[in-house]
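# this one's sequence-less:
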């Protein structure tokens, strides 16, 4: 049996079981309080809702409104289409479990598994956490390592600053050297020497040479030193310096390299123009010729390059000259012809470009028919007519090749010069 109940607040009609007669409950529609009055059976079957009361009451929500249910919840949903007693949905067993506060076995098992997992994680985290003492030791070691590296860098910087301070005078000197305009007296003449060929106990002839490296090796002409018994050189300050021997000589190029017994004080090293194709002497380029013509010591004459001429071309012009030098087919080299005045004694001296770089080695003066003109003038008692002359210098590429082929600096006896190699 069920008791018909009408909510006094919202007038919602519903039914509760008769064993709850006289008890209070909450309306499932509005949550209002009602009292189930006995003696008024339900006229028709409507949904029956029994909600827990004061003992073991539970709370639910209907349409967003909290309701207080009575004990022994039992809801039976009926309709005109379903009259069979088994059709109503019974939740008595569920209500009983709610009243007792019990948990299913699977719930307890799941809770136990979760607790075990959480405990294992905490234990693992505790076991894996680093020891504070170890952390402190690691930090101390790394700090010491960083301090050591920093100290090393600091020392390197301080040493570099000390080196820079020590080298500062040299750097300033180099800057001044580069900034200062080059002059023949200061930058060229100290690198030029007078070469004296000693035969029979005294000087037999002389020429010119020039210093080209830090060992103070001297370049000159082969014909200046040929047949010598010994050699010595004289610098612009008048001092004489002995020559240990000959490093290399080549008659075909009329070139030789000499080695002094010791370094020459105050000597300058002359720079040779590059032979890598970046520079090529051409007609019209300005040149300087430095040498010791006759009794004139360390003179400088200025001119231009008149042409570059091969030995074969000189041979073809030999009929116009007085010397057999031009007709020697063994001298198959390229010459630089220039009009800077040179005379006997200039042989072996450097031919410089306008930047004071060595571009050639002066070898001889082209003697056009000057002597014939003098003889003819004497016979005919006519004034002497002077003919123009030119100087010839072997290209610096040949001295560079000779240097490269004898870079070991091995000295040969003076007697070997007479034949060449």
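Structure's in. What do you need? Since the model is a prediction, treat every value here as computed from it, not as a measurement.
# where do the strands sit along the stretch 51-200 of the chain?
58-62, 65-69, 74-76, 192-199 (DSSP state E, counting those that start in this stretch).
# Among the ones you listed, show the one with the smallest mean pLDDT.
Ranked by mean pLDDT, the strands of the stretch 51-200 of the chain bottom out at strand 74-76, which scores a mean of 37.
# End to end on stretch 22-36, go ahead and measure it.
Start-to-end span of stretch 22-36 (CA to CA, to the nearest Å) is 5 Å.
# Find the least confident helix or strand in the chain, judged by mean pLDDT.
Scoring the helices and strands of the chain by mean pLDDT, DSSP states H and E places strand 74-76 at the bottom, with a mean of 37.
# Give me the residues contacting stretch 227-239.
Stretch 227-239 is contacted from outside by 189-190, 192-200, 204, 209, 218, 225, 240-243, 258, 260, 264-267, 297-298, 414, 417-418, using CB atoms under 8 Å, 6 or more residues apart in numbering. Backbone N, C-alpha and C define where each C-beta goes, glycine included.
# And these, which of them are buried?
The neighbour-count criterion (16 or more other CB atoms under 10 Å) marks 189-190, 192-198, 209, 218, 225, 241, 243, 258, 260, 264, 267, 297-298, 414, 417 among the contacts of stretch 227-239 as buried.
# can I assume residue 252 sits in a helix?
No: going by DSSP: H, G, I helix; E, B strand; the rest coil, the assignment for residue 252 is coil, not a helix.
# so it sits right up against residue 363, yeah?
No: the pair residue 252 / residue 363 is not scored as a contact, 12.0 Å apart, by CB atoms under 8 Å.
# who's more crowded, those two?
residue 363 (27 against 16; other CB atoms under 10 Å).
# what's the distance between that one and residue 408?
From residue 363 across to residue 408, the span is 26 Å (CB to CB, to the nearest Å).
# got it, and residue 293?
34 Å.
# out of these two, which sits in the busier spot?
Counted by other CB under 10 Å, residue 293 and residue 408 do not tie: residue 293 has more neighbours, with 19 against 6.
# Okay, the residue nearest to that one when sequence neighbours are not counted and residue 362: tell me how far apart.
The shortest distance from residue 293 to any non-neighbouring residue, by CB to CB, 6 or more residues apart in numbering, is to residue 343 (3.7 Å). Residue 343 sits 10 Å away from residue 362, going by CB to CB.
# Confirm for me that residue 245 is in contact with residue 413.
Yes: the criterion here is CB under 8 Å, and residue 245 meets it with residue 413 at 6.6 Å.
# who's more crowded, the two?
For residue 245 versus residue 413, neighbours defined as other CB under 10 Å are more numerous around residue 245 (17 against 8).
# tilt between the helix or strand hosting that one and strand 192-199?
For residue 245, the host element (DSSP states H and E) is strand 240-250. Put simply, strand 240-250 runs at 80 degrees to strand 192-199, going by axes from the mean of the first three to the mean of the last three CA atoms, to 10 degrees.
# Contacts made by strand 240-250 with the rest, please.
Residues contacting strand 240-250 (CB under 8 Å, 6+ apart): 193, 217-218, 222, 225, 230-235, 255-262, 264, 398, 402-403, 405-406, 409-414, 416-417, 420-421.
# I'd like the mean pLDDT over that strand, please.
93.
# show me where the stretch 51-200 of the chain has helices.
92-100, 105-128, 132-179, 184-187 (DSSP state H, counting those that start in this stretch).
# Can you flag the weakest of these by average pLDDT?
helix 92-100 - the lowest mean pLDDT of the helices of the stretch 51-200 of the chain, at a mean of 48.
# shared neighbours, residue 343 and residue 362?
residue 291.
# re the thing from before, give me the buried subset of the contacts of strand 240-250.
Buried members of the contacts of strand 240-250, scored by 16+ other CB under 10 Å, are 193, 217-218, 222, 225, 231-235, 255-260, 264, 398, 402-403, 406, 414, 417, 420.
# Good, we can wrap up now.
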